[in-house]
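1. coords please:
(4 chains)
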Number of protein chains: 2
Amino acid sequence: MNTLAEENYLKAIYHLSLSDANVSTNQIAAALNTKAASVTDMLKKLADKELINYEKYQGVTLTAAGEKIALQIIRKHRLWEYFLVEKLNFKWDEVHEMAEEMEHISSVELIDRLDKFMDYPKHDPHGDPIPDRDGNFKKHELKPIASLAVNEGGIISGVRDHSATFLQYLEKQQLTIGKKITVTEIIDYDHSMILQVEQTTIHISREVAKNLLVAI
Amino acid sequence: MNTLAEENYLKAIYHLSLSDANVSTNQIAAALNTKAASVTDMLKKLADKELINYEKYQGVTLTAAGEKIALQIIRKHRLWEYFLVEKLNFKWDEVHEMAEEMEHISSVELIDRLDKFMDYPKHDPHGDPIPDRDGNFKKHELKPIASLAVNEGGIISGVRDHSATFLQYLEKQQLTIGKKITVTEIIDYDHSMILQVEQTTIHISREVAKNLLVAI
DNA sequence: ATTTATTTTTAGACAAGTCTAAAAATTTTA
DNA sequence: TAAAATTTTTAGACTTGTCTAAAAATAAAT
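-> Numbers count the residues shown, from 1 in each chain, chains lettered A, B, ... in the order given. Next up, the predicted model:
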């Protein structure tokens, strides 16, 4: 089995790979709040285990084996988040830290039974897709509200920023997963947007619009 | 906070304290499957943190602070075991290893909500009492079936041996928590016992009788 | 196309937790 | 109660994962 640190590296590399095919040492250091030297040490270990493809100074990619492990950890993280929100009534901005611990519980049988217990949810409380036991999931085609034009709209289905402060802001504005929104106006000056959400009108900054995702 | 190793030591010392007031280095080493030298090292650390009372060669006891931590870990272990059996349908002989990992999830809020979710169970699947959030529980007065005389009986309410093989044996014989038993005969030769359990008669060895507990 | 800046790696060190081997303390036995 | 056996502790070493400081490689800029 892999250590906790190894699992966290694989997960970080997976997430970073979504934006950049080749992930750099510094990116990983920033993501894991550690130093580049420590990252280099760990990359050697992961390469020895053939979980990543690594050549000095060239950054890394996950091997098939590494990606499989990363997806299993992400599956566990998201299923536990769903559990915490749907069964234990935590709010969506409270569950990340707990799930960071719970994702390292090793039993596969446990997570499969948890999945069944909750009736095989497809998305976590933030709208992120939950991989099935084989690591498969269909990555939903979401776009930031910032990319919409006036009179376009969609269903709020995910966030780009998972920070508690952003989630709390969305909660307060009732901009939660599943709500239907339409862009009614875009302010030239600062690219802020005015949305129609059910009966109410909400004004959001470009910053928010870039981090809130809708399905068309 | 405490490391995983520290938590495991405190828990082991707590359990060993139930039989012997002063717990020896070797007892701890045996319980944790480690070496006496390693135990000595850890005892120094725990003593520095004032979680145990330790004097060289004299064995250890938990301080109030140490016992509080031990009871919190035991609370978590038993609540997760209950969850695994009652919600995820694991069998009582399958849950120990998983709970050993889950008991180290740190959030207190999480465990309190889990407790509420399951409607505040009083005992885990093996009959062991679950401490409340303040560490309080009433230790049930159980006695081994081996201590009963002919025509005495009681309700099966706990086990002394928690091994999977013993639990599987009990399951197969239908000697499970809650069953009412009566001793109908004790064999002089080997002290084995014949029990009446509902409609059936079961013959158990003295070994089994010593490890199966009843409430009178 | 060199110099400058940035990124990455190497080298050496440290803390936590473990080990083996040997010394010290305690307990048992004769 | 002195020798033998057992238990516990000390001493020194190893592994994992981390760090800082400095060297090497790569990228950017004049």
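2. so which residues on chain A come close to DNA strand C?
-> Contact residues (Cβ under 7 Å from any atom of the strand) of chain A with DNA strand C: A:24-27, A:36-37, A:39-41, A:43-44, A:54, A:56-57, A:59. Yep, even glycine has a C-beta here, placed from its N, CA and C like the rest.
3. would you map the helices across chain A?
-> Counting by DSSP state H, one finds helices in chain A at the ranges A:4-17, A:25-32, A:36-48, A:64-86, A:96-102, A:108-117, A:164-172, A:206-211.
4. tell me what angle the longest one forms with helix B:108-117.
-> Okay, so that is helix A:64-86. Interaxial angle of helix A:64-86 relative to helix B:108-117 (axes from the mean of the first three to the mean of the last three Cα atoms, to 10 degrees): 60 degrees.
5. what parts of chain A come near DNA strand D?
-> Contact residues (Cβ under 7 Å from any atom of the strand) of chain A with DNA strand D: A:3-6, A:32, A:34-35, A:37-38, A:41-42, A:45, A:56-57.
6. widest-spaced pair of these?
-> Spatial extent of those (Cβ to Cβ) is set by the pair A:Leu4 and A:Tyr57 at 27.5 Å.
7. who wins on neighbours among the residues of chain A next to DNA strand D?
-> Using other Cβ atoms under 10 Å in any protein chain shown as the neighbour test, the residues of chain A next to DNA strand D are led by A:Met42, with 19 neighbours.
8. state the number of residues packed around the nearest residue to that residue once chain neighbours are set aside.
-> Spatial nearest neighbour of A:Met42, excluding adjacent residues (Cβ to Cβ, 6 or more residues apart in numbering or on different chains): A:Tyr9 at 5.4 Å. Counted with other Cβ under 10 Å, residues neighbouring A:Tyr9 total 27.
9. confidence score at A:Tyr9?
-> pLDDT, A:Tyr9: 95.
10. isn't it right up against A:Ala47?
-> No: A:Tyr9 lies out of contact with A:Ala47 (Cβ atoms under 8 Å); the separation is 11.2 Å.
11. hang on, the earlier thing: check contacts around the residue nearest to A:Met42.
-> Neighbour list for A:Tyr9: A:28, A:32, A:39, A:42-43, A:46 [criterion: Cβ atoms under 8 Å, 6 or more residues apart in numbering or on different chains].
12. from B:Glu198, how far off is it?
-> To B:Glu198, A:Tyr9 is 56 Å away according to Cβ to Cβ, to the nearest Å.
13. A:His140 now?
-> Separation of A:His140 from B:Glu198 (Cβ to Cβ): 55 Å.
14. same question for A:Val85.
-> Using Cβ to Cβ, A:Val85 is found at 43 Å from B:Glu198.
15. of the two, give the one with the bigger neighbour count.
-> Higher neighbour count among A:Val85 and B:Glu198: A:Val85, with 17 against 9, using other Cβ under 10 Å.
16. isn't that one up against A:Val95?
-> Yes: with contacts defined as Cβ under 8 Å, A:Val85 counts as touching A:Val95 at a distance of 6.0 Å.
17. shared neighbours of those two, anything?
-> Here A:Val85 and A:Val95 have A:Pro125 as joint contacts, going by Cβ under 8 Å, 6+ apart.
18. and the residue nearest the centre of chain A?
-> In chain A, the C-alpha closest to the average C-alpha coordinate belongs to A:Asp128, at a distance of 5.7 Å (Cα atoms, centre = their mean).
19. what about the nearest residue in space to that one that is not next to it in sequence, distance to A:Val214?
-> In this structure, A:Asp128 finds its nearest non-sequential neighbour in A:Arg78, 6.0 Å apart by Cβ to Cβ, 6+ apart. With distances taken as Cβ to Cβ, A:Arg78 is found 20 Å from A:Val214.
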